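**Student:** show me the folded form of this:
(2 chains)
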Amino acid sequence: MDAAQLLLWPLLACIAIAGIHAYLGFHVVQRGVIFVDLALAQVAALGATLGFLLGHDLHSPAAAWFSIGSVVVGAALLALLKAEKRRIPQEAFIGIVYAVAAAGAILIVDRTPEGAEHIKFMFVGNLLAASAAEVGWLAVLYAAIGALHVAWRKPFFAISHGETEGMSRAAVRFWDFLFYLTFGLVVTQSVAVAGVLLVFSYLIVPSVIAMLLADGARARLAIGWITGVVVSVAGMLASYHFDLPTGAAVVTTFGVALAAVLAYRGVVAR
Amino acid sequence: MIRTMRRLALWASVVVLALKPGDASAAKQLLVVTTTQDLGAIATEIAGDRARVETLSKGYQDPHFVDAKPSLLVKLRKADLFVEVGRDLEVGWIPGLLQSARNPRIQSGGPGFVDASTGIAILEQGAKVGREEGDVHPLGNPHHWLDPKNGLVIAANIRDGLARVAPADKAYFDTRYADFERRLRERMAGWKKDAESMGLTGLKVVTYHRSWPYFADAFGLQVVNYVEPRPGVPPAPRHIQELTEQMKSEKIPLLIVEPYFDPKLPARVAQNSGAALVILPPSVGATPEAKDYFSLFDAQLAAIRKALAGRRTP
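**Tutor:** Numbering: from 1, shown residues only, chains lettered A, B, ... in the order given. This next block holds a predicted model:
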């Protein structure tokens, strides 16, 4: 039972992450804000770094509040900056938020005695070390945010599909703020467990594969979830069998899955 | 949904078990797991044929950051004795892995848990942050194995741990320790002579990071500055300028760099200031020459000798 015990919680963590990210990725790809997760994760790290400078340990509740507070600010910023979308693509602002937040963290760290190592830990994630408590917390948080998204699905989907005719500018901004806020809370928690690379893959690859294979939101969501779960299992098995770093193994498996789907499309399209 | 998840996990574990290579565990031998190859080398000296020693990282890896592979968890799960460098060196990856391994023998405080830094005179302890102090960790500098006299303390800690998990073999471990101590003391005298003959006593050096205070203590070097005072934060241009000036005016002959950093910037500083750049293995296994705890110091002193000689005859 050694291997099963070993991989059970990391695998469940992956499946929980796949559950919410495949769904959120659908919105993110539709809206064309691919790198928004990196930007918000970096903003959260900036907040935690600021807390660190003020003497709060990175894993203390106080530091968590600093992260959440900065995610609120980041979400507001992204919602406001969307107003300029006609002139400047939103991805440009997202890239700027990412770069400035990352640089800001370096400047802050330069003032602290312990250096950047602690900040790096926030992005590495340690999937293999995922514990029952962590997976439980992720499941509760994701379920709560998933429920909010079900309740608010109309405005969220309308904005993602660009159907905002009936909405006032203030309403669009308000719903955008809520979207980025819930999104930021999910992403910062997932990144702490699984690391930036893995979270990005869970967000984008299932939606892209789903878009290649199907039309319609329901079918795409189903394909996204199946992809996420299958790739998690396959990546974990590869990691165990060939003794590879687990996170990187799963990310690479995502790449292989996408390549397989593209090849399949190429064959079928002929 | 939960049932599906359970079923998937179960299915995954079945496949994993099917794929798993057969257990080749031989006779009843202890398994000692260490975080670094330095600790592994010392553990091998003490444990002899009573234990198999496995290490979780390689000497060429930065011990602050190690990518967790499933095999690490498997090793921790089966371990009878676990040895860490301590002082938070492995804080980024070990606590989570220890927890996941759920092996009560080697949890912190368990009989099979050894903090190698116990009883060592730790340098740079306490968070006194001054202008000159860059990265000062509250628990002190963790690179303690780089002074051979601390190797004796580490060996004694491992000996005591082994005696706790295999009391029947206590006499055997005592003998092995006594032999290791005798050999190490002999070599220490030789290294000291070597260092003196090279003129290391009181020699001012600059190091990339704060990895070398114990090494400097052991061989009389005086570390006067660092290329990157804060780990992970690229040094400010003014710091590099001041450092180069200082090295020129104080005629500092040696700049020591760890092999896992990009040597481009230190190489330029060395060139501009006329110092010799030397890439020193900070751990067993970091370079092919550093095969065990003894050849580690041989390799370091040889590299310094070569660098200094190259500088004197340009």
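**Student:** where does the stretch 151-300 of chain B dip in pLDDT?
**Tutor:** B:231-232 (pLDDT under 70).
**Student:** could you redo the last one with a cut-off of 80?
**Tutor:** Applying pLDDT under 80 to the predicted model, the residue ranges of the stretch 151-300 of chain B that meet it are B:229-234.
**Student:** is it true that residue A:194 touches residue A:129?
**Tutor:** No: under the criterion of Cβ atoms under 8 Å, residue A:194 makes no contact with residue A:129, lying 10.7 Å away. C-beta here means a position set from N, CA and C on the backbone, and glycine is covered the same way.
**Student:** more neighbours, these two?
**Tutor:** The residue with more neighbours, out of residue A:194 and residue A:129 and counting by other Cβ atoms under 10 Å in any protein chain shown, is residue A:194; that gives 29 against 24.
**Student:** report the contact partners of that one.
**Tutor:** Residues touching residue A:194, when contacts are defined by Cβ atoms under 8 Å, 6 or more residues apart in numbering or on different chains, comprise A:13, A:14, A:17, A:125, A:127, A:130, A:202, A:247.
**Student:** point to the residue nearest the middle of the chain.
**Tutor:** No chain in the question, so chain A it is. Nearest to the geometric centre of chain A sits residue A:187, at 4.0 Å (Cα atoms, centre = their mean).
**Student:** actually chain B
**Tutor:** Looking at chain B with Cα atoms, centre = their mean, the centroid-closest residue comes out as residue B:283, 5.2 Å off.
**Student:** check which helix or strand that one maps to.
**Tutor:** In this structure, residue B:283 sits in neither a helix nor a strand according to DSSP states H and E.
**Student:** one more: residue B:114?
**Tutor:** strand B:113-115.
**Student:** for the helix or strand just after that strand, buried residues please.
**Tutor:** Scanning the chain past strand B:113-115 towards its C-terminal end, the next helix or strand to appear is helix B:148-165 (assignment: DSSP H and E). The neighbour-count check on helix B:148-165 (16 or more other Cβ atoms under 10 Å in any protein chain shown) flags B:148, B:150-165 as buried.
**Student:** what's the spacing between the helix or strand that comes right after helix B:148-165 and its chain's center?
**Tutor:** Past helix B:148-165, further along toward the C-terminus, the next helix or strand under DSSP H and E is helix B:170-197. Shown here is helix B:170-197, whose average C-alpha point lies 19 Å from the average C-alpha point of the whole chain (Cα atoms, centre = their mean, to the nearest Å).
**Student:** cool, and stretch B:55-63?
**Tutor:** Between the centre of stretch B:55-63 and the centre of its host chain there is 8 Å, according to Cα atoms, centre = their mean.
**Student:** one step back: which one of the contacts of residue A:194 is nearest to residue A:181?
**Tutor:** Nearest to residue A:181, judged by Cβ to Cβ, of the contacts of residue A:194 is residue A:17 at 18.8 Å.
**Student:** distance of residue A:188 relative to chain B?
**Tutor:** Counting by Cβ to the nearest Cβ, to the nearest Å, the gap from residue A:188 to chain B is 18 Å.
**Student:** ok, and what's touching the helix or strand harbouring residue B:72?
**Tutor:** Here residue B:72 sits within helix B:70-78, counting by DSSP H and E. With contact meaning Cβ under 8 Å, 6+ apart, helix B:70-78 is reached by A:2-3, A:6-7, A:128, A:239-240, A:243, A:246, B:31, B:33, B:54, B:56, B:66, B:82, B:97-98, B:100-103, B:106.
**Student:** in helices, which of these fall?
**Tutor:** By the criterion of DSSP state H, membership of the contacts of helix B:70-78 in helices covers A:2, A:3, A:6, A:7, A:239, A:240, A:246, B:97, B:98, B:100, B:101.
**Student:** quick check: mean pLDDT of the helix holding residue B:72?
**Tutor:** Here the mean pLDDT over helix B:70-78 is 92, rounded to a whole number.
**Student:** now do stretch A:217-236
**Tutor:** Looking at stretch A:217-236 alone, the average pLDDT works out to 94.
**Student:** ok, residues contacting it?
**Tutor:** By Cβ under 8 Å, 6+ apart, the surrounding residues in contact with stretch A:217-236 are A:7, A:10-11, A:14-15, A:17-19, A:21-23, A:25-26, A:157, A:202, A:205-207, A:209-211, A:213-214, A:246, A:249-254, A:257, B:8, B:11-12, B:16.
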